[in-house]
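J.: need a 3D model of the sequence below.
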Amino acid sequence: MELPQGFDLKSIRVFVMVAEAGGMTSAAKQLGLTQSSVSQIVSNLEEALGSTLFDRSVRPLALTAAGTTLYERGRAMLAEAGDLYRDLRDRELKQLSSLTLAMAESIANSVGPQLVAEQRGLAKRWRIWAGISPDNHALLMNHTVDAVVTTTDELDGVEGLESHALLTEPFVLVFPANYDGPSEPLEALTGMPFVRYSLRSAIGRQIEGQLNRLRLNVPIDAEFDTAISQFSAVAGGMGWSMTTPLCLLQEVGRLERLRIEPLRRGRFSRPISLVARRGDLGATPEMLAAAIRDILRRRLPELYGPLPWLAESIVWPEDGAPLLRSIQGRG
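T.: Sure thing, here's the model as predicted:
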């Protein structure tokens with residue numbers, strides 16, 4: 001049976017509140033609505049039922065016979081709906097037996113231990129795996145891990161996933177601390193060796209793609225899989241490189257060994273997001289994303305002292321990007 005428009009739980013809740021408050025003005029204040037809105041909702045409910053619910057000739061308002069029936073049954077319906085909501089919410093928030101998260105190395109090192117310490121109640125057993133994004137994506141798709149923190153948009157367009165934005169961070173230039181040459185224009189750096197992230201990694205491919213777009217032909221003497229190795233090579237005078245704030249965060253205690261400069265011409269950035277299979281973990285992915293954002297908000301200021309210009313370069317979801325988007329299928 002199709003219910004008439006105007007006969008729904010919201011309208012019944014308003015009606016019950018009017019009956020208990022003894023008038024529409026009092027009910028409106030308790031509901032946070034205008035008196036005219038409450039009056040319209042009640043009128044629409046009466047029209048849908050074809051019955052008058054209040055005797056408006058007396059003050060305070062009195063229930064008619066139909067109103068008394070709806071009040072008694074309506075209160076029971078609202079109580080049942082509330083119980084259903086709480087049961088479903090509690091089921092979604094129940095403690096998981098285990099939770100496996102795969103993260104880019106820079107995220108795992110920067111937030112992994114703190115995330116487990118602060119959100120231990122979400123799961124009885126935690127696993128934080130560090131690896132390159134392409135490998136992590138495969139682990140998510142074959143159900144080896146529950147969620148990934150990824151540094152690319154490569155999972156966009158994959159059916160059945162949900163994505164929670166964490167932040168967008170810029171790429172920056174990295175030199176040895178004793179480098180006193182120019183950082184711009186980039187063409188001035190093409191005579192210096194470039195220390196590359198391995199092209200097995202997403203960050204390595206992102207940087208390589210930007211160098212190609214800028215048509216910069218840089219000599220490459222070495223490449224590394226990890227940011228820590230890369231920074232050690234740059235600090236040792238092996239050359240210059242590009243990186244991101246989250247990669248720097250794991251080496252914040254050694255920044256004195258490096259010179260960090262913003263990238264002005266050819267600026268580019270990478271999105272960081274948490275991706276999970278839609279519906280598998282209930283509300284847990286959203287809670288994890290909020291917790292990771294909170295940790296990063298507390299930790300990133302460690303970089304702002306020596307690098308104050310970085311603060312304005314980090315873009316958070318509330319600055320414009322959607323907090324949650326369901327990834328739709330291709331085509």
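J.: and the pLDDT for the nearest residue to Ala188 once chain neighbours are set aside?
T.: Nearest-residue entry for Ala188: Pro182, 5.1 Å, with adjacent residues in sequence omitted and distances by C-beta to C-beta, 6 or more residues apart in numbering. Backbone N, C-alpha and C define where each C-beta goes, glycine included. Here the pLDDT value assigned to Pro182 is 84.
J.: and the one helix or strand Ala289 maps to, what's buried?
T.: Using DSSP states H and E, Ala289 sits within helix 284-299. Using 16 or more other C-beta atoms under 10 Å as the test for burial, helix 284-299 gives 284-289, 291-293, 295-296, 299.
J.: cool, and stretch 130-145?
T.: 130-133, 136-137, 139-140, 145.
J.: from the residues you listed, which land in helices?
T.: Per DSSP state H, helices hold the following members of the buried residues of stretch 130-145: 133, 136-137, 139-140.
J.: any chance of those in TSV, plus pLDDT and distance to Thr150?
T.: Converted to TSV, those look like this (pLDDT from 0 to 100; distance: C-beta to C-beta, whole Å):
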residue	pLDDT	distance to Thr150
Ser133	80	5
Asn136	89	6
His137	89	7
Leu139	90	11
Leu140	90	9
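J.: for Gln30, state which of the residues you listed is nearest.
T.: For these, the residue nearest Gln30 by C-beta to C-beta is Leu140; the value is 46.2 Å.
J.: contacting residues around the nearest residue to that closest one once chain neighbours are set aside?
T.: Counting by C-beta to C-beta, 6+ apart, Val148 is the residue found nearest to Leu140 once chain neighbours are left out, at 4.9 Å. Val148 makes contact with 101-103, 133, 136-137, 139-140, 274-276, according to C-beta atoms under 8 Å, 6 or more residues apart in numbering.
J.: of those residues, just say which sits nearest to Leu310.
T.: Taking C-beta to C-beta as the measure, Met103 is the one of the contacts of Val148 closest to Leu310, at 21.1 Å.
J.: right, and the closest one touches Ala147 too?
T.: No: checked against C-beta atoms under 8 Å, the pair Met103 and Ala147 is beyond contact range at 9.3 Å.
J.: and Met192, which of the three is it?
T.: Of the three states, Met192 takes coil under DSSP: H, G, I helix; E, B strand; the rest coil.
J.: any idea how far Ser229 is from it?
T.: 19 Å (C-beta to C-beta, to the nearest Å).
J.: try Glu223
T.: Relative to Ser229, and taking C-beta to C-beta, Glu223 is found at 10 Å.
J.: who has more neighbours, the two?
T.: Glu223 (19 against 15; other C-beta atoms under 10 Å).
J.: hang on, that one in a strand?
T.: Yes: counting by three-state DSSP, Glu223 is part of a strand.
J.: look at it and report its pLDDT.
T.: pLDDT, read off for Glu223, is 89.
J.: residues contacting the nearest residue to it once chain neighbours are set aside?
T.: Sequence neighbours aside, Arg196 is the residue nearest to Glu223 in space, at 3.9 Å (criterion: C-beta to C-beta, 6+ apart). Shown in contact with Arg196 (C-beta under 8 Å, 6+ apart): 204, 207-208, 220, 222-224, 241.
J.: can you pull out the helices in the stretch 101-250 of the chain?
T.: Along the stretch 101-250 of the chain, the stretches classed as helices by DSSP state H, counting those that start in this stretch are 105-118, 133-141, 202-213, 227-235, 245-249.
J.: mind exporting stretch 183-192 as CSV, just the C-alpha atoms?
T.: Provided in CSV are the C-alpha atoms of stretch 183-192 (Å, rounded to 0.1, in the frame of the first residue of the first chain):
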residue,chain,number,x,y,z
SER,A,183,65.6,26.8,-6.6
GLU,A,184,63.8,28.5,-9.6
PRO,A,185,63.6,28.4,-12.5
LEU,A,186,63.6,24.6,-12.6
GLU,A,187,65.6,24.7,-15.8
ALA,A,188,68.5,25.9,-13.7
LEU,A,189,68.5,22.6,-11.9
THR,A,190,68.7,20.3,-14.9
GLY,A,191,72.5,20.2,-14.6
MET,A,192,72.3,18.7,-11.1
